[in-house]
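Asks: Mind looking at a prediction? Sequence and model below.
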Amino acid sequence: AQSVAQPEDQVNVAEGNPLTVKCTYSVSGNPYLFWYVQYPNRGLQFLLKYITGDNLVKGSYGFEAEFNKSQTSFHLKKPSALVSDSALYFCAVRPGYSSASKIIFGSGTRLSIRP
Amino acid sequence: NAGVTQTPKFQVLKTGQSMTLQCAQDMNHEYMSWYRQDPGMGLRLIHYSVGAGITDQGEVPNGYNVSRSTTEDFPLRLLSAAPSQTSVYFCASSYSSGQGPDTQYFGPGTRLTVL
(Lines give C-alpha, C1' and ligand atoms only; values in the text may rest on other atoms or scores of the structure.)
Protein backbone atom coordinates (compact mmCIF):
# COMPACT_ATOMS: atom_id res chain seq x y z
CA ALA A 1 0.00 0.00 0.00
CA GLN A 2 1.11 3.56 -0.71
CA SER A 3 1.92 5.46 2.47
CA VAL A 4 3.69 8.42 3.99
CA ALA A 5 5.01 8.50 7.55
CA GLN A 6 5.95 11.42 9.73
CA PRO A 7 7.30 9.58 12.77
CA GLU A 8 7.31 12.58 15.13
CA ASP A 9 4.07 14.20 16.26
CA GLN A 10 6.02 17.12 17.69
CA VAL A 11 9.50 18.57 17.31
CA ASN A 12 10.85 21.12 19.79
CA VAL A 13 13.84 23.28 18.90
CA ALA A 14 15.47 26.36 20.40
CA GLU A 15 15.54 29.47 18.26
CA GLY A 16 18.76 29.69 16.27
CA ASN A 17 19.35 25.94 16.27
CA PRO A 18 19.01 23.75 13.18
CA LEU A 19 15.77 21.85 12.74
CA THR A 20 14.78 18.63 10.98
CA VAL A 21 11.27 17.32 10.39
CA LYS A 22 11.29 13.74 9.18
CA CYS A 23 9.32 12.10 6.39
CA THR A 24 9.55 8.63 4.91
CA TYR A 25 7.41 7.16 2.16
CA SER A 26 6.45 3.93 0.46
CA VAL A 27 5.05 4.47 -3.03
CA SER A 28 5.48 3.08 -6.53
CA GLY A 29 7.83 4.55 -9.08
CA ASN A 30 9.71 7.81 -8.81
CA PRO A 31 7.47 9.96 -6.64
CA TYR A 32 6.66 13.64 -6.50
CA LEU A 33 7.44 14.82 -2.95
CA PHE A 34 6.05 17.93 -1.26
CA TRP A 35 6.21 19.82 2.01
CA TYR A 36 3.41 22.09 3.18
CA VAL A 37 3.05 24.29 6.26
CA GLN A 38 -0.14 25.16 8.11
CA TYR A 39 -0.39 28.10 10.48
CA PRO A 40 -3.26 28.18 13.02
CA ASN A 41 -6.72 28.50 11.47
CA ARG A 42 -5.28 28.71 7.95
CA GLY A 43 -5.11 26.50 4.91
CA LEU A 44 -1.94 24.68 3.89
CA GLN A 45 0.80 26.61 2.12
CA PHE A 46 3.29 25.07 -0.29
CA LEU A 47 6.93 25.10 0.89
CA LEU A 48 8.87 23.05 -1.63
CA LYS A 49 8.79 20.00 -3.88
CA TYR A 50 11.04 17.41 -5.44
CA ILE A 51 10.28 15.83 -8.79
CA THR A 52 13.67 15.12 -10.29
CA GLY A 53 17.22 16.46 -10.35
CA ASP A 54 19.32 17.69 -7.45
CA ASN A 55 18.52 15.79 -4.27
CA LEU A 56 18.66 18.98 -2.19
CA VAL A 57 15.67 21.20 -2.83
CA LYS A 58 15.38 24.76 -1.56
CA GLY A 59 12.04 26.33 -0.78
CA SER A 60 10.26 29.19 0.91
CA TYR A 61 11.25 30.83 4.22
CA GLY A 62 14.77 29.33 4.17
CA PHE A 63 13.60 25.72 4.29
CA GLU A 64 15.21 22.95 2.31
CA ALA A 65 14.64 19.22 1.97
CA GLU A 66 16.85 16.33 1.01
CA PHE A 67 15.58 13.48 -1.13
CA ASN A 68 17.20 10.16 -0.27
CA LYS A 69 16.09 7.43 -2.64
CA SER A 70 17.81 4.54 -0.86
CA GLN A 71 16.23 5.47 2.48
CA THR A 72 12.94 6.60 0.85
CA SER A 73 13.08 9.77 2.90
CA PHE A 74 12.44 13.44 2.28
CA HIS A 75 13.36 15.27 5.50
CA LEU A 76 12.68 18.99 5.88
CA LYS A 77 15.52 21.09 7.27
CA LYS A 78 16.42 24.64 8.19
CA PRO A 79 19.87 25.75 9.40
CA SER A 80 18.61 28.28 11.96
CA ALA A 81 15.09 28.10 13.39
CA LEU A 82 12.89 31.12 14.02
CA VAL A 83 10.03 31.40 16.50
CA SER A 84 7.83 32.25 13.51
CA ASP A 85 8.55 28.78 12.05
CA SER A 86 6.28 27.29 14.72
CA ALA A 87 3.47 25.60 12.79
CA LEU A 88 2.14 22.25 11.60
CA TYR A 89 4.14 20.67 8.76
CA PHE A 90 2.88 18.08 6.32
CA CYS A 91 4.82 15.83 3.99
CA ALA A 92 2.94 14.70 0.89
CA VAL A 93 3.72 12.22 -1.86
CA ARG A 94 2.32 11.55 -5.29
CA PRO A 95 3.19 8.07 -6.59
CA GLY A 96 5.48 8.03 -9.58
CA TYR A 97 3.43 6.17 -12.15
CA SER A 98 2.00 8.37 -14.91
CA SER A 99 -1.64 7.72 -14.06
CA ALA A 100 -1.22 8.58 -10.37
CA SER A 101 -4.11 10.86 -9.57
CA LYS A 102 -3.89 11.32 -5.83
CA ILE A 103 -1.55 12.85 -3.32
CA ILE A 104 -1.05 11.10 0.00
CA PHE A 105 -0.46 13.24 3.08
CA GLY A 106 1.38 12.34 6.24
CA SER A 107 -0.24 12.88 9.62
CA GLY A 108 1.66 16.10 10.27
CA THR A 109 4.41 17.21 12.66
CA ARG A 110 3.94 20.13 14.98
CA LEU A 111 7.09 22.23 15.12
CA SER A 112 7.58 24.37 18.21
CA ILE A 113 10.43 26.87 18.36
CA ARG A 114 11.19 28.26 21.80
CA PRO A 115 12.81 31.70 22.15
CA ASN B 1 -6.07 36.46 -8.22
CA ALA B 2 -8.25 35.38 -5.33
CA GLY B 3 -6.75 31.87 -5.49
CA VAL B 4 -8.95 29.22 -3.90
CA THR B 5 -12.00 30.46 -2.03
CA GLN B 6 -14.30 28.47 0.24
CA THR B 7 -17.64 29.30 1.78
CA PRO B 8 -18.83 29.24 4.47
CA LYS B 9 -15.96 29.55 6.95
CA PHE B 10 -18.01 28.01 9.77
CA GLN B 11 -21.15 25.90 9.80
CA VAL B 12 -23.17 24.09 12.44
CA LEU B 13 -25.60 21.40 11.30
CA LYS B 14 -27.98 19.06 13.01
CA THR B 15 -27.77 15.34 12.33
CA GLY B 16 -29.60 14.52 9.14
CA GLN B 17 -29.40 17.95 7.56
CA SER B 18 -27.81 18.42 4.16
CA MET B 19 -25.63 21.23 2.91
CA THR B 20 -23.16 22.21 0.23
CA LEU B 21 -19.66 23.50 0.83
CA GLN B 22 -18.61 25.82 -1.95
CA CYS B 23 -15.16 25.94 -3.55
CA ALA B 24 -13.96 28.11 -6.41
CA GLN B 25 -10.59 28.84 -8.01
CA ASP B 26 -9.56 31.44 -10.54
CA MET B 27 -6.23 29.93 -11.64
CA ASN B 28 -7.66 27.76 -14.45
CA HIS B 29 -6.43 24.63 -12.68
CA GLU B 30 -7.61 21.30 -14.07
CA TYR B 31 -7.27 19.36 -10.84
CA MET B 32 -9.38 20.03 -7.75
CA SER B 33 -9.85 18.05 -4.59
CA TRP B 34 -11.57 18.00 -1.23
CA TYR B 35 -9.87 16.92 1.99
CA ARG B 36 -10.96 16.63 5.56
CA GLN B 37 -8.57 17.31 8.42
CA ASP B 38 -9.01 15.57 11.73
CA PRO B 39 -6.61 15.72 14.70
CA GLY B 40 -3.76 13.24 14.39
CA MET B 41 -4.94 11.97 11.01
CA GLY B 42 -3.50 14.49 8.61
CA LEU B 43 -5.49 15.22 5.48
CA ARG B 44 -7.70 12.56 3.97
CA LEU B 45 -8.91 12.82 0.41
CA ILE B 46 -12.68 12.78 0.00
CA HIS B 47 -13.23 13.33 -3.74
CA TYR B 48 -11.22 14.78 -6.58
CA SER B 49 -11.64 15.94 -10.15
CA VAL B 50 -9.16 15.96 -13.02
CA GLY B 51 -11.27 18.30 -15.12
CA ALA B 52 -14.77 19.57 -15.78
CA GLY B 53 -17.23 16.70 -15.90
CA ILE B 54 -14.81 14.19 -14.35
CA THR B 55 -14.85 13.24 -10.68
CA ASP B 56 -13.66 10.27 -8.67
CA GLN B 57 -13.60 9.00 -5.11
CA GLY B 58 -10.78 9.44 -2.68
CA GLU B 59 -10.02 7.69 0.57
CA VAL B 60 -13.17 8.65 2.52
CA PRO B 61 -16.01 9.36 0.04
CA ASN B 62 -18.98 7.93 1.95
CA GLY B 63 -21.61 10.51 2.81
CA TYR B 64 -20.33 13.07 0.32
CA ASN B 65 -21.12 13.92 -3.29
CA VAL B 66 -19.35 16.18 -5.76
CA SER B 67 -19.84 17.52 -9.23
CA ARG B 68 -17.66 19.57 -11.57
CA SER B 69 -19.73 21.41 -14.13
CA THR B 70 -17.13 24.15 -14.68
CA THR B 71 -13.36 24.40 -14.36
CA GLU B 72 -13.73 27.01 -11.61
CA ASP B 73 -16.20 25.39 -9.19
CA PHE B 74 -16.11 22.15 -7.21
CA PRO B 75 -18.87 21.98 -4.57
CA LEU B 76 -19.00 19.28 -1.91
CA ARG B 77 -22.41 18.08 -0.80
CA LEU B 78 -23.15 16.42 2.51
CA LEU B 79 -26.20 14.30 1.93
CA SER B 80 -27.31 13.61 5.51
CA ALA B 81 -24.92 15.03 8.06
CA ALA B 82 -23.60 12.82 10.85
CA PRO B 83 -21.50 13.73 13.92
CA SER B 84 -18.61 11.76 12.37
CA GLN B 85 -18.47 14.42 9.67
CA THR B 86 -17.47 17.08 12.18
CA SER B 87 -14.16 18.22 10.75
CA VAL B 88 -12.30 20.95 8.94
CA TYR B 89 -12.73 20.72 5.17
CA PHE B 90 -10.18 22.00 2.70
CA CYS B 91 -10.51 22.45 -1.02
CA ALA B 92 -7.37 22.49 -3.16
CA SER B 93 -6.55 23.02 -6.82
CA SER B 94 -3.48 22.43 -8.98
CA TYR B 95 -2.18 22.13 -12.48
CA SER B 96 -2.08 18.59 -13.73
CA SER B 97 1.11 16.73 -14.48
CA GLY B 98 0.20 13.66 -16.45
CA GLN B 99 -3.15 12.64 -15.02
CA GLY B 100 -2.50 13.83 -11.52
CA PRO B 101 -1.88 16.91 -9.40
CA ASP B 102 1.27 18.94 -9.06
CA THR B 103 1.65 21.67 -6.43
CA GLN B 104 -1.68 22.19 -4.71
CA TYR B 105 -3.11 25.52 -3.60
CA PHE B 106 -5.44 25.33 -0.63
CA GLY B 107 -8.45 27.33 0.40
CA PRO B 108 -8.82 28.70 3.95
CA GLY B 109 -11.06 25.85 5.07
CA THR B 110 -14.58 25.32 6.39
CA ARG B 111 -15.01 24.31 10.01
CA LEU B 112 -18.09 22.07 10.22
CA THR B 113 -19.76 20.89 13.40
CA VAL B 114 -22.55 18.34 13.30
CA LEU B 115 -24.64 18.08 16.44
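Replies: Here it is on my side, so go on. Numbering: from 1, shown residues only, chains lettered A, B, ... in the order given.
Asks: check contacts around residue 2.
Replies: I'll assume chain A. By Cβ atoms under 8 Å, 6 or more residues apart in numbering or on different chains, the contact list for A:Q2 reads A:26-28, A:93, A:95, A:104. The way it works is simple: take the backbone N, C-alpha and C, and place the C-beta from them, glycine included.
Asks: The chain in question should be chain B.
Replies: Taking Cβ under 8 Å, 6+ apart as the criterion, B:A2 is in contact with B:D26.
Asks: hmm, who's touching the worst-scoring helix or strand of chain B on mean pLDDT?
Replies: In chain B, the helix or strand scored least confidently by mean pLDDT, DSSP states H and E is strand B:96-97, which has a mean of 78. For strand B:96-97, the surrounding residues in contact (Cβ under 8 Å, 6+ apart) are A:32, B:29-31, B:50-51, B:102.
Asks: Make TSV from these and add distance to A:V57 to it.
Replies: As requested, the contacts of strand B:96-97 are exported to TSV (distance: Cβ to Cβ, whole Å):
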residue	distance to A:V57
A:Y32	12
B:H29	22
B:E30	24
B:Y31	22
B:V50	26
B:G51	29
B:D102	14
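Asks: Contact residues of chain A facing chain B?
Replies: Residues of chain A that fall close to chain B, judged by Cβ under 8 Å from any Cβ of the partner chain: A:9, A:32, A:34, A:36, A:41-46, A:49, A:90, A:94, A:98-103, A:105-108.
Asks: Can you say which of these are buried?
Replies: Neighbour counting with 16 or more other Cβ atoms under 10 Å in any protein chain shown marks A:32, A:34, A:36, A:43-44, A:46, A:49, A:90, A:94, A:100-103, A:105-108 as buried within the residues of chain A next to chain B.
Asks: Out of these, name the ones that lie in strands.
Replies: Members of those lying in strands (criterion: DSSP state E): A:32, A:34, A:36, A:44, A:46, A:49, A:90, A:94, A:105.
Asks: Give me the pLDDT for the residue in chain B that chain A sits nearest to.
Replies: In chain B, the residue that lies nearest chain A is B:F106 (3.6 Å; Cβ to the nearest Cβ). Per-residue confidence for B:F106 comes out at a pLDDT of 96.
Asks: go on, B:Q99?
Replies: pLDDT at B:Q99 comes out at 65.
Asks: Could you do A:A100 as well?
Replies: 64.
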